[in-house]
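Visitor: Sequence first, predicted coordinates after that:
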Amino acid sequence: MHPQPCQENLRVRIARALAGRFEAIQGAPHRLAWAVRVRWLVIGGVACLSVLAHVWGLFASIQPCVQAAIVGALMNAVNAWCVARSRWVVAVTSVAIPLDHLLITYVVVNTGGLQSPFVMMYVVQVLATAMLVDTVVAAASAVLGMLTWVAGITLQATGMLAVPPLFSPNAPAQAIVYIGTWATYLLYSLALLVYLGGYISGRLRASERDLAERNREVQVALASLQVAHEELRTSYGRLQQAEAQLVQSEKMRGLGQLVAGVAHELNNPISFISANVEHLRTYVGRVQRALEAYASASLTVEERSRLHQLRAEIRVDEALADLPALLDDCEEGARRSKHIVDELRSFSRGDERDEFRLADVHRGIESTLALLAHRLKHGITVHRDFGDLPAVECHPDQLNQVFMNLLANAVDAIGTGSGNIWITTRAVQDAVSPNGAIRISVHDDGPGMTAEVQARLFEPFFTTKDVGQGTGLGLSVSYGIIQRHQGKVSVDSRPGGGATFIVTVPVKHPIVTA
């Protein structure tokens, strides 16, 4: 369909292949230097053996050998000069290889043809080319050697070339001389091949050493990559944890602002109720005294009867009997509402007027346990594993509130049955706290929590307790307190495996600059 583009593509591919081979030849000066040395050995071996064979009476004339040696020596000298200077190497090699085959054919044809001891020079030439130059070039050299060999033998067979006598005219046929010459040049050729094999073996050993060294470098690099991968994995985990803490902190900050507004709005009406209950209790007492005064006044029988009937109809006595309990309920409701508002305010900002002071954490835990003693005596065992802790700069009352919330939740998780609570304290080194930190762990063997519950655990008003048994503010307030102490609080739990709350607080209160 399109022969011209196909032919162009073929020519382009052939040109690229040849260019690649020439670049390979040009880029191997050490191998070409060895090729020059081998060619010197071949030229010297042929010259010396031809002179000895002529002296022994084998060759009538050594003129062809001398001529081939002179031409080959000149060509090899030029080749050596080019290889030493890395100039015109490809061009000289392209001429030297065909010239070698022509000279070999010339020597073989003039030293007995098929019976010439130099026939094996074709094999040496091809093997040396394959080992020292290039495999493709060696294949081309082998084809050229066959062509020149066939051409020379054909010309001799047709009589177009005169075959000189193998033995000189005046010398008798000496088979032992002929066999000795063949054997000598065979051994010499084998020695050349061993010489080439030594070069190849040295190159292989050097390559193995290079490979071993590179393998060691790769192993070192791989180990470094593994260390870097582990560091990246650890850093990624820390980033994920920091991101989760940042999201939680921002969530708490926004909720804190909302809760602060709600607490402020609720505080005023609750204060009104609390104050008015006291006044109402006073007014009820006054009304009761007034009614008692009316009852003891001097009245006629008719007036007293009418007053008694009215008193019964409006149930004044029952109202007066119920009023103290009603006022107590109102006061208790106001007190509870005030407590909830105080927790909301504590969650939103805490008592910022308090100053940080040194406190004994263990004493705070023990005092909290004493307050919870009435809830712990029904089958709950507390296991203490206290470490050696330094005094901590903190708001002691706020930390005690955190301990109260955590321990109360642990008791609630265990329920009415028997169970265990483990309290562990340790001094630790924290990257964020250069002066060290303390870690308090509260673990219970309750039913545990799901991942969904853990995700919402520190949200205000979130609770898993029944209605009326919890406000959902305890852990939110605790989270805010620990945040203000520049600490961390986390939970580890799974269904059926209990829950562990871990609180970390720095020993020295960090100075936060704006």
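Guide: It's in.
Visitor: Please make it C-alpha for all contacts and neighbour counts, starting now.
Guide: Noted.
Visitor: so where do the helices sit in this protein?
Guide: Using DSSP state H, the helices of the chain run over 3-26, 29-55, 63-85, 89-109, 121-132, 135-157, 175-295, 301-313, 316-348, 361-371, 373-376, 396-414, 451-455, 474-484.
Visitor: Ok, which of the ones you listed comes nearest Ser441?
Guide: Closest to Ser441 of these, according to C-alpha to C-alpha: helix 396-414, at 9.7 Å.
Visitor: Could I get the average pLDDT for the closest one?
Guide: Mean pLDDT, helix 396-414: 84.
Visitor: so what does it touch, helix or strand wise?
Guide: helix 361-371, strand 437-444, helix 474-484 (3 or more C-alpha pairs under 8 Å, 6 or more residues apart in numbering; DSSP states H and E).
Visitor: Which of the helices of the chain has the highest mean neighbour count?
Guide: helix 474-484 (a mean of 23; mean count of other C-alpha atoms under 10 Å).
Visitor: how far does it sit from the chain's center?
Guide: In this view, helix 474-484 has its centroid 35 Å away from the chain centroid, taken as C-alpha atoms, centre = their mean, to the nearest Å.
Visitor: Okay, Leu323 and Arg335: tell me how far apart.
Guide: 18 Å (C-alpha to C-alpha, to the nearest Å).
Visitor: Over to Tyr188?
Guide: 118 Å.
Visitor: Distance to Pro269 added to the helices and strands packed on helix 396-414, as a markdown table?
Guide: Converted to a markdown table, these look like this (distance: least, C-alpha to C-alpha, whole Å):
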| stretch | distance to Pro269 |
| --- | --- |
| helix 361-371 | 31 |
| strand 437-444 | 38 |
| helix 474-484 | 23 |
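Visitor: Mean pLDDT added to the ones you listed, as TSV?
Guide: Shown next, in TSV, are the helices and strands packed on helix 396-414 (pLDDT from 0 to 100):
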stretch	mean pLDDT
helix 361-371	83
strand 437-444	91
helix 474-484	80
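Visitor: Could you dump the helices of the chain into JSON lines with distance to Val503 added?
Guide: Formatted as JSON lines, the helices of the chain follow (distance: least, C-alpha to C-alpha, whole Å):
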{"stretch": "helix 3-26", "distance to Val503": "70"}
{"stretch": "helix 29-55", "distance to Val503": "72"}
{"stretch": "helix 63-85", "distance to Val503": "77"}
{"stretch": "helix 89-109", "distance to Val503": "79"}
{"stretch": "helix 121-132", "distance to Val503": "75"}
{"stretch": "helix 135-157", "distance to Val503": "75"}
{"stretch": "helix 175-295", "distance to Val503": "14"}
{"stretch": "helix 301-313", "distance to Val503": "63"}
{"stretch": "helix 316-348", "distance to Val503": "17"}
{"stretch": "helix 361-371", "distance to Val503": "12"}
{"stretch": "helix 373-376", "distance to Val503": "22"}
{"stretch": "helix 396-414", "distance to Val503": "9"}
{"stretch": "helix 451-455", "distance to Val503": "15"}
{"stretch": "helix 474-484", "distance to Val503": "8"}
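Visitor: Least confident of the ones you listed, on average?
Guide: Averaging pLDDT over each of those puts helix 3-26 lowest, since it has a mean of 51.
Visitor: bridging residues for Thr381?
Guide: Asn420 (DSSP bridges).
Visitor: Neighbours of it, how many?
Guide: Other residues lying near Thr381 total 13 when counted by other C-alpha atoms under 10 Å.
Visitor: how much space between it and Leu239?
Guide: 38 Å.
Visitor: Then Tyr479?
Guide: 21 Å.
Visitor: To Val428, which of the helices of the chain lies closest?
Guide: The nearest among these, by C-alpha to C-alpha, is helix 361-371 at 14.5 Å.
Visitor: what comes into contact with the closest one?
Guide: 386, 389, 391-392, 396, 399-400, 403-404, 407 (C-alpha atoms under 8 Å, 6 or more residues apart in numbering).
Visitor: Which members of the residues you listed are the farthest-apart pair?
Guide: Largest pairwise distance in the contacts of helix 361-371, by C-alpha to C-alpha, is 21.5 Å, between Ala391 and Leu407.
Visitor: can I see the domain layout of this structure?
Guide: According to automatic domain parsing, the chain comprises the domains 3-173, 244-348, 357-506.
Visitor: Can you redo those as TSV, where the extra columns are distance to Arg216?
Guide: Below are these laid out as TSV (distance: least, C-alpha to C-alpha, whole Å):
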stretch	distance to Arg216
domain 3-173	26
domain 244-348	42
domain 357-506	36
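Visitor: looking at the ones you listed, which is closest to Thr234?
Guide: domain 357-506 (14.5 Å).
Visitor: Could I get the pLDDT score of the residue lying farthest from the centre of the chain?
Guide: In the chain, the residue that sits farthest from the middle, by C-alpha atoms, centre = their mean, is Thr300; the gap is 103.1 Å. Looking at Thr300, its pLDDT reads 70.
Visitor: how far away is it from Val42?
Guide: For Thr300 relative to Val42 (C-alpha to C-alpha), the value is 163 Å.
Visitor: ok, now Thr282?
Guide: For Thr282 relative to Val42 (C-alpha to C-alpha), the value is 135 Å.
Visitor: what does Ala139 give?
Guide: For Ala139, the distance to Val42 - C-alpha to C-alpha - is 20 Å.
Visitor: same thing with Val177?
Guide: Taken as C-alpha to C-alpha, the span from Val177 to Val42 is 21 Å.
Visitor: Ok, Thr111 next?
Guide: Counting by C-alpha to C-alpha - Thr111 and Val42 are separated by 16 Å.
Visitor: now what about stretch 380-398, what contacts it?
Guide: Applying C-alpha under 8 Å, 6+ apart, the set of residues contacting stretch 380-398 is 354-362, 364, 411, 417-427, 438, 481, 485, 506-509.
Visitor: Restricting to C-alpha, output it in CSV.
Guide: Backbone C-alpha positions of stretch 380-398 (Å, rounded to 0.1, in the frame of the first residue of the first chain) are rendered in CSV as follows:
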residue,chain,number,x,y,z
ILE,A,380,-17.2,-2.2,93.7
THR,A,381,-13.5,-2.7,94.4
VAL,A,382,-11.0,0.2,93.7
HIS,A,383,-7.5,-0.8,92.8
ARG,A,384,-4.8,1.8,93.3
ASP,A,385,-1.6,1.8,91.3
PHE,A,386,0.0,5.1,92.2
GLY,A,387,3.4,6.1,90.9
ASP,A,388,5.8,8.7,92.3
LEU,A,389,4.3,12.0,91.2
PRO,A,390,5.6,15.5,91.7
ALA,A,391,3.4,18.3,92.8
VAL,A,392,1.4,19.8,89.9
GLU,A,393,0.6,23.4,89.1
CYS,A,394,-3.1,23.4,88.6
HIS,A,395,-6.6,24.4,89.7
PRO,A,396,-7.0,21.7,92.4
ASP,A,397,-10.8,22.1,92.6
GLN,A,398,-11.2,21.8,88.9
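Visitor: What residues sit buried inside that stretch?
Guide: The neighbour-count check on stretch 380-398 (16 or more other C-alpha atoms under 10 Å) flags 380, 389-390, 392-396, 398 as buried.
Visitor: Lys338 reaches Pro269, doesn't it?
Guide: No: counting by C-alpha atoms under 8 Å, Pro269 is not a contact partner of Lys338; they are 10.1 Å apart.
Visitor: contacting residues around the closest residue to Trp149 other than its chain neighbours?
Guide: Leaving aside its sequence neighbours, Trp149 sits nearest to Thr105 (C-alpha to C-alpha, 6 or more residues apart in numbering; 6.0 Å). Counting by C-alpha under 8 Å, 6+ apart, Thr105 touches 148-149, 152.
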